[in-house]
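Engineer: What follows is a predicted protein model with its sequence.
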Amino acid sequence: MHRNLLAAVALVAGPLLWASGAQAAQITFANSAENITFTGNGAGALSISSPVLSGSAFYDADPLGTYTISAMSFTTGVHTATGNFTPNANTGTFTFTGGDGDTLTQTITWTLIQDDTLQPKFFGTGVVTAASGDAAFLADFHVGATDQLDFITMPLSGGVTLLALSSTTGSETAHISSGEKFPVPEPASLTLLGAALVGFGMLGRRRRKAL
């Protein structure tokens with residue numbers, strides 16, 4: 001009976017997790033030709049600025065395409081005890097054009113800049129505002145969907161960490177080395193999955209009592 005129950009859960013959970021994006025493919029992007037500029041404020045915080053960042057990108061196994069990240073212009077809070085900087089209010093745009101015609105536009109917000117190595121890493125969240133393409137692509141990146149976005153930069157031009165830079169008023173530059181963006185499970189799908197698992201649990205308990 002336990003094996004049958006587990007099999008039933010798997011049959012229900014599998015499609016739901018797939019639909020929620022938990023196993024979805026991702027957009028991977030490469031280095032940018034343009035630099036990001038980091039400027040310290042002398043008191044542990046930074047200013048971040050850049051022109052439009054662009055480079056090559058692809059979705060799953062599709063032909064090579066391109067991406068852009070709109071110009072950056074925001075500041076951060078002071079360096080935290082965990083080694084990170086938290087960006088202050090900011091908003092931007094990420095676009096993707098795939099080699100097979102898939103397209104994506106989304107609003108992004110940078111939420112964290114990690115500084116535990118010589119190559120800073122940016123983390124953000126995105127909300128899709130426009131998308132077109134094949135069924136697989138739109139299942140991952142349809143209008144209204146949310147996703148996570150991150151990229152790592154090359155080492156800063158001066159070979160210093162952001163923490164060291166933030167204690168000065170100097171500036172250093174670095175360009176994107178590589179990055180990725182991937183869908184996150186949608187609340188409705190997770191709720192449906194939870195309800196299914198609870199239902200199977202109750203069913204199993206009733207069967208045990210009947211025995």
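Structural biologist: All right, it came through fine. Numbering: from 1, shown residues only.
Engineer: In terms of helices and strands, where is T66?
Structural biologist: strand 65-69 (DSSP states H and E).
Engineer: For the closest residue to H142 other than its chain neighbours, what is the enclosing helix or strand?
Structural biologist: Nearest residue to H142 in three dimensions, chain neighbours excluded: A131, at 5.9 Å (C-beta to C-beta, 6 or more residues apart in numbering). Glycine gets a C-beta too; all of them are placed from N, C-alpha and C. Using DSSP H and E, A131 sits within strand 121-132.
Engineer: Which strands or helices does that strand pack on?
Structural biologist: Applying 3 or more C-beta pairs under 8 Å, 6 or more residues apart in numbering; DSSP states H and E, one finds that strand 121-132 contacts strand 103-114, helix 135-140, strand 146-153.
Engineer: Give me the mean pLDDT for the shortest one.
Structural biologist: When pLDDT is averaged along helix 135-140, the result is 94.
Engineer: next one: stretch 48-61
Structural biologist: Rounded mean pLDDT across stretch 48-61 is 96.
Engineer: how far out from the middle of the chain is it?
Structural biologist: Distance of stretch 48-61 from the chain centroid (C-alpha atoms, centre = their mean, to the nearest Å) equals 13 Å.
Engineer: before we move on, what about stretch 154-164?
Structural biologist: Taking mean C-alpha positions (C-alpha atoms, centre = their mean), stretch 154-164 and its chain are 23 Å apart.
Engineer: swap in stretch 159-179?
Structural biologist: With C-alpha atoms, centre = their mean, you get 21 Å for stretch 159-179.
Engineer: for the helix or strand just after the strand holding T66, which positions count as buried?
Structural biologist: Toward the C-terminus, strand 65-69 is succeeded by strand 73-75 as the next helix or strand (DSSP H and E). Burial within strand 73-75, assessed by neighbour count using 16 or more other C-beta atoms under 10 Å, is assigned to F74, T75.
Engineer: packing partners for strand 73-75?
Structural biologist: Counting by 3+ C-beta pairs under 8 Å, 6+ apart, strand 73-75 packs on strand 46-49.
Engineer: According to the record, where do the domains of this structure fall?
Structural biologist: 1-22+185-211, 23-184 (automatic domain parsing).
Engineer: Pretty sure P155 is one of the things A174 touches, is it not?
Structural biologist: Yes - using C-beta atoms under 8 Å, A174 makes contact with P155 at a distance of 6.6 Å.
Engineer: More neighbours: which of the two?
Structural biologist: A174 (22 against 15; other C-beta atoms under 10 Å).
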